[in-house]
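>>> Okay, sequence plus prediction incoming.
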Amino acid sequence: MALLGMVWTNLMRNKLRTILTWLSVFVALFLFVLLHGITDTLTESTKVGSERRLVTRNKISLVFPLPLSQYEKIKSMPGVAAVTWSNWFGGTDPVKPNDFYARFAVDGKTYFPMYASDAYIVQASPANGATSPSGVDPKLAAFFADRTACVVGEKLFLSHKWKLGQTIHLTGTIYPGAWPFVIRAVYRSKVRAFGEETMFFHWDYLYERSNRQAQVGIYTFSPADPSQAAAIGKRVDAMFENSEAATHTETERAFSAGFVSMWGNIPFVIRVIGLAVAFSIFLVAAVTMMMAIRERTNEFAVLKTLGFEDGAIFAVVLLEAGVLTLSAGLAGSLLAKFLLEKSGLPLPGFSTMIVHWETVALGLGLAVLMGLVSGILPAWQASRLRIVDALRKVG
């Protein structure tokens, strides 16, 4: 306790310098964890989807659609338990054009049963006598009774302060025009990877409003025997190999991971930038500690005269650096995590950003390392100081 008291007294001796140094380390670790939040989000995005479901897309590129006629052929293939399809809508909010969230046109009667293990309905408009198709959650009755209806994720619903029955308006990008949608249900995810920042609406609505120009973006299907997934995927691709729309089939998780690969080496660059920021602040902390020790040379001589051993002097100086960097690192790392996650800020094309606790731990580790490296040399110099030489350097 005596050592900690001395550490606190020494840190408060030059408050302005201590505060500025603390803020420098705080900002460095805040930015370090914030930048790593991007790589954490990308890593988490590779876990979206199931290894038990398969996704079939156009072999050339995802931007090329598939004909609806392929649905019955995939559905009738031996070993396929269920099939659904969806299409990326795009679109923008005419009032807030930068308000990004995923919007999919889906075949509701086959889509929602397939993802019942991933999400469930928590709020829904009154059915008013309407019923859901067989095998579909009864809470979705109002959704199926309304051609313009949509289902939105709970996080999206709350962040936009929407209400059930509210009409939201979008401006089409891929499919031009003004598109009204009525919120009829809200879903909550059972698994974090599924996310709660997506809007789903009727594919039939898209098909009709686009003058039958809309086709299928991807087919998603479940094998009756998951161990046969790879073999079934190959048979699907072989079936359409010589058609006008050849296909590529892979697991849903591999499909999701493909989006992350589009970022190329960006995650590596982000890590390098984060480390560069941390290293630059480490130099600031090291210089600050050396200046502080130089100013207290005669004081260390007095302490040694009073009986303080070299080890005690070494510990006091090292603790000063450690307390300064660790407290700043802890505050910066935690603030970055909670600020990023509580803000609900999405990474374009992915779900809302997250920061793993491993990243926070890495930030704290850097703060500890920063304290050790910046304090060990001044601590060693102070502990090795000779009393006679130190007393000569008054002022």
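Structure received.
>>> Only C-alpha atoms from now on, for both contacts and neighbour counts.
Will do.
>>> Identify all contacting residues around stretch 90-105.
With C-alpha atoms under 8 Å, 6 or more residues apart in numbering as the test, stretch 90-105 has contacts from 86-89, 169-175, 197-203, 206, 346, 348-349.
>>> Oops, could you answer that again for stretch 206-225 instead?
Residues outside stretch 206-225 that contact it (C-alpha under 8 Å, 6+ apart) are 52-58, 62-68, 71, 79-88, 105, 175, 229, 232, 252.
>>> buried ones in that stretch?
206-207, 209, 214-223 (16 or more other C-alpha atoms under 10 Å).
>>> and of those, the nearest to residue 356?
Nearest to residue 356 among the buried residues of stretch 206-225, counting by C-alpha to C-alpha, is residue 220 at 29.6 Å.
>>> follow-up on the earlier one: pLDDT check: weakest of the buried residues of stretch 206-225?
In terms of pLDDT, residue 214 ranks lowest among the buried residues of stretch 206-225, with 82.
>>> for that one, phi and psi?
Per-residue torsions, residue 214: phi -70, psi 140 (degrees, to the nearest 10).
>>> ditto for residue 249
phi -110, psi 140.
>>> Now do the contacts for it.
54-57, 233-234, 236-237.
>>> Please list the members of those residues that lie in helices.
In this view, the contacts of residue 249 that belong to helices under DSSP state H are 233-234, 236-237.
>>> Can you tell me which of these is nearest residue 331?
residue 233 (49.1 Å).
>>> shouldn't the closest one be in contact with residue 252?
No: the criterion here is C-alpha atoms under 8 Å, and residue 233 misses it with residue 252 at 11.5 Å.
>>> shared neighbours of those two, anything?
residue 54.
>>> returning to that earlier point: are any of the ones in helices among the contacts of residue 249 buried, and which?
233, 236-237.
>>> Helices of the stretch 101-250 of the chain, residue ranges please.
108-114, 141-145, 154-159, 203-209, 229-239 (DSSP state H, counting those that start in this stretch).
>>> any idea which element residue 40 lies in?
Per DSSP states H and E, residue 40 falls inside helix 15-45.
>>> Give me the helices and strands touching that helix, please.
Applying 3 or more C-alpha pairs under 8 Å, 6 or more residues apart in numbering; DSSP states H and E, we find helix 15-45 packed against helix 252-261, helix 266-295, helix 310-343, helix 357-383.
>>> got those as CSV, with distance to residue 24 columns?
Shown next, in CSV, are the helices and strands packed on helix 15-45 (distance: least, C-alpha to C-alpha, whole Å):
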stretch, distance to residue 24
helix 252-261, 32
helix 266-295, 6
helix 310-343, 8
helix 357-383, 12
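>>> Between these, which one is closest to residue 182.
Residue 182 sits nearest to helix 310-343 of all these, at 25.7 Å, using C-alpha to C-alpha.
>>> In the closest one, which residues are buried?
Neighbour-count burial for helix 310-343 flags 310, 312-337, 340-341 (criterion: 16+ other C-alpha under 10 Å).
>>> what is the orientation angle of it with helix 357-383?
Going by axes from the mean of the first three to the mean of the last three C-alpha atoms, to 10 degrees, helix 310-343 is angled at 160 degrees with respect to helix 357-383.
>>> Could you list every helix and strand in contact with helix 310-343?
By 3+ C-alpha pairs under 8 Å, 6+ apart, helix 310-343 packs against helix 2-11, helix 15-45, helix 266-295, helix 357-383.
>>> Looking at stretch 333-341 now, give me its mean pLDDT.
86.
>>> ok, now stretch 272-289?
Stretch 272-289 carries an average pLDDT of 72.
>>> I'd like the distance from that stretch to the chain centre, please.
Distance, stretch centre to chain centre, for stretch 272-289: 26 Å (C-alpha atoms, centre = their mean, to the nearest Å).
>>> now stretch 198-213
Taking C-alpha atoms, centre = their mean, the mean C-alpha location of stretch 198-213 is offset from the chain mean by 29 Å.
>>> tell me how far the ends of it are from each other?
This stretch, stretch 198-213, spans 23 Å end to end (C-alpha to C-alpha, to the nearest Å).
>>> Repeat that for stretch 202-218.
End-to-end span of stretch 202-218 (C-alpha to C-alpha): 15 Å.
>>> And for stretch 75-82?
7 Å.
>>> Could you export whichever strand in the chain runs longest as PDB, CA atoms only?
For the chain, the strand that runs over the most residues, judged by DSSP state E, is strand 177-189. Extracted in PDB, the C-alpha atoms of strand 177-189 (Å, rounded to 0.1, in the frame of the first residue of the first chain):
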ATOM      1  CA  GLY A 177     -39.600   2.700 -58.300                       C
ATOM      2  CA  ALA A 178     -41.200   3.600 -55.000                       C
ATOM      3  CA  TRP A 179     -41.800   0.500 -52.800                       C
ATOM      4  CA  PRO A 180     -44.100   0.700 -49.800                       C
ATOM      5  CA  PHE A 181     -43.900  -2.100 -47.200                       C
ATOM      6  CA  VAL A 182     -46.100  -2.700 -44.100                       C
ATOM      7  CA  ILE A 183     -44.400  -4.100 -41.000                       C
ATOM      8  CA  ARG A 184     -46.500  -7.100 -40.000                       C
ATOM      9  CA  ALA A 185     -44.100  -9.100 -37.800                       C
ATOM     10  CA  VAL A 186     -40.900  -8.800 -35.800                       C
ATOM     11  CA  TYR A 187     -38.400 -11.700 -35.400                       C
ATOM     12  CA  ARG A 188     -35.800 -12.400 -32.800                       C
ATOM     13  CA  SER A 189     -32.700 -14.500 -33.600                       C
END
